[in-house]
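> Predicted coordinates and the sequence they were generated for:
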Amino acid sequence: MSKTAYVRTKPHLNIGTMGHVDHGKTTLTAAITKVLAERGSGTFVPFDRIDRAPEEAARGITINIAHVEYETDTRHYAHVDMPGHADYVKNMVTGAAQLDGAILVVSALDGIMPQTAEHVLLARQVGVDHIVVALNKADAVDDGEDAVLTDLVELEVRELLTAHGYGGDAVPVVRVSGLKALEGDARWTASIDALLDAVDTYVPMPERYVDAPFLLPVENVLTITGRGTVVTGAVERGTVRVGDRVEVLGAEVDTVVTGVETFGKPMEEAQAGDSVALLLRGVPRDAVRRGHIVAAPGSVVPSRRFSAQVYVLSTREGGRTTPVATGYRPQFYIRTADVVGDVDLGEMAVARPGETVTMTVELGREVPLEPGLGFAIREGGRTVGAGTVTAVV
Ligand SMILES: Nc1nc2c(ncn2[C@@H]2O[C@H](COP(=O)(O)OP(=O)(O)OP(=O)(O)O)[C@@H](O)[C@H]2O)c(=O)[nH]1
Ligand SMILES: [Mg+2]
């Protein structure tokens, strides 16, 4: 089994598609890989390979986010295709947490829909600072009367972005057709080129904390027969190499990294921002779970209590219809972890939908926490709040 090693020749960024169900995220993702494959940089990943990641078929585990990789002239990208269904927001939260930028896909035919707004809100909350808009299905609107409607959709999207602090006037909005580009239509292939140019220029290279102690939140755990247990995820900070000692917080095991890969290619050193798979020596498959943290030994201390600033989603945004009070016990999505927590609102006592409040939270188990860390609050399968840790108590 000879595998070509990953050679770092261009800066690496993590981006992804998000947006309402059926607005064309997966089609656009496939189209991007096709257009770039034809330029000679990357492999075409057809639609049905994105919606159904090979891992999902082979192992019967649910990987609700599909990763593809591609290169433009200046950058190497890992791209996640976010599912649009409300049920999958949890995956969006954990997937979006590692995004340096996002492509918001909005159908020019339908305009802003509830999940368009929900994804923008979540993106803001998990720290995605740059959004480029793909006004998709532009092929299906004719150049006459419909053009006015498309202008209105564009205006509406810019307003939505501004309302969430994205400076909507400056955001690139590119009219594209993923479907026609996939069919090889020259006009629409050019629209994908324009979209990629917008991503290349508008999404800046983020600061990578490569000198900090290594930390990787575990997204998935797999077993490779004959090799051992593999964890996957994005390196949040630091670097890791084969032979490095690490600890798995949550599993409370110390181990050694015996393999580092990205997109199936072995790499000498993974660094902050890379999506990787780590082979861990002698760790039983069922000892490690999504939500655990692989870190440089002794570099993080998990805790249970923190104070936070939280925005309680309004009813219109899909949030609760009634206020929350002290004693409220929802699920907290922190990095890739999903932990129950007790809310104490102090003197405020209640928080109404649409309000921003401070609260103290006591989690059901310890997780690594630090000021500035973003999280989502979910209840009965929907997002009801989004917050930021202000202090670890
Ligand atoms: N006319 C037209 N139809 C499109 C375009 N892109 C996607 N579609 C169609 O829209 C439908 C949804 O496309 P998908 O790519 O599956 O949408 P999605 O956003 O990934 O959907 P979910 O993953 O289910 O949220 C399909 O029938 C596509 O063929 C486009 O550019 N033009
Ligand atoms: Mg899809």
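Alright, I've got the coordinates. Numbers count the residues shown, from 1 in each chain. Ligands and ions are numbered 1, 2, ... in the order given.
> At the contact with ligand 2, which residues of the chain appear?
Proximity of the chain to ligand 2 (C-beta under 5 Å from the ion) is limited to residues 25-26. C-betas here are computed from N, CA, C, even on glycine.
> got the residues of the chain near ligand 1?
Contacts of the chain with ligand 1, taken as C-beta under 6 Å from any ligand atom, map to 21-27, 83-84, 136-137, 139-140, 177-179.
> what number of residues lie near the closest residue in space to L249 that isn't next to it in sequence?
Excluding its sequence neighbours, the residue lying closest to L249 (C-beta to C-beta, 6 or more residues apart in numbering) is I293, at 4.4 Å. Look at I293: counted by other C-beta atoms under 10 Å, it has 24 neighbours.
> Test of understanding: give the bridge partners of I293.
Applying DSSP bridges to I293 yields these beta-bridge partners: P217, L249.
> surely V203 meets Y77?
No - in this structure, V203 is not within contact of Y77 by C-beta atoms under 8 Å, at 9.6 Å.
> and for the two, which residues touch both?
Each of 13, 15 lies in contact with both V203 and Y77 under the rule C-beta atoms under 8 Å, 6 or more residues apart in numbering.
> residue ranges of the helices in the stretch 151-300 of the chain, please?
In the stretch 151-300 of the chain, the segments counted as helices under DSSP state H, counting those that start in this stretch are 178-182, 186-202.
> May I see the ones you listed organised as a markdown table, with distance to E247 and mean pLDDT added?
Output for these, formatted as a markdown table (distance: least, C-beta to C-beta, whole Å; pLDDT from 0 to 100):
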| stretch | distance to E247 | mean pLDDT |
| --- | --- | --- |
| helix 178-182 | 43 | 97 |
| helix 186-202 | 36 | 98 |
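> Closest residue of the stretch 251-393 of the chain to ligand 1?
G318 (15.8 Å; C-beta to the nearest ligand atom).
> Show the pLDDT at that residue.
At G318, the pLDDT value in this model is 76.
> and it, what does it touch?
Here G318 is in contact with 86, 114, 118, 382-383 (criterion: C-beta under 8 Å, 6+ apart).
> Kindly recompute the last result at 7 Å.
Counting by C-beta atoms under 7 Å, 6 or more residues apart in numbering, G318 makes contact with 114, 118, 382-383.
> Of the helices of the stretch 151-300 of the chain, which stretch is the most buried?
helix 178-182 (a mean of 24; mean count of other C-beta atoms under 10 Å).
> What helices and strands are in contact with that one?
When contacts are defined as 3 or more C-beta pairs under 7 Å, 6 or more residues apart in numbering; DSSP states H and E, helix 178-182 sits against helix 25-38, helix 186-202.
> how about these in JSON lines, adding distance to A308?
Formatted as JSON lines, the helices and strands packed on helix 178-182 follow (distance: least, C-beta to C-beta, whole Å):
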{"stretch": "helix 25-38", "distance to A308": "31"}
{"stretch": "helix 186-202", "distance to A308": "30"}
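> lowest-pLDDT helix or strand in the chain?
helix 54-59 (a mean of 39; mean pLDDT, DSSP states H and E).
> Tell me how far the helix or strand following it lies from the chain's centre.
Next along the chain after helix 54-59, taking DSSP states H and E as the criterion, comes strand 66-71. Here strand 66-71 is found 13 Å from its chain centre; the criterion is C-alpha atoms, centre = their mean, to the nearest Å.
> Okay, angle between strand 66-71 and helix 186-202 too, please.
Strand 66-71 runs at 90 degrees relative to helix 186-202, counting by axes from the mean of the first three to the mean of the last three C-alpha atoms, to 10 degrees.
> Strand 66-71 pairs with which strands, parallel or anti?
strand 76-81 (antiparallel).
> What are the buried residues along the strand it pairs with?
Within strand 76-81, the residues that qualify as buried are 76-81, counting by 16 or more other C-beta atoms under 10 Å.
> export that strand as CSV, just CAs?
C-alpha atoms of strand 76-81 as CSV (Å, rounded to 0.1, in the frame of the first residue of the first chain):
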residue,chain,number,x,y,z
HIS,A,76,-5.5,24.4,-0.7
TYR,A,77,-9.0,24.0,0.6
ALA,A,78,-10.8,21.4,2.7
HIS,A,79,-14.5,21.9,2.0
VAL,A,80,-17.4,20.5,4.1
ASP,A,81,-20.8,20.2,2.6
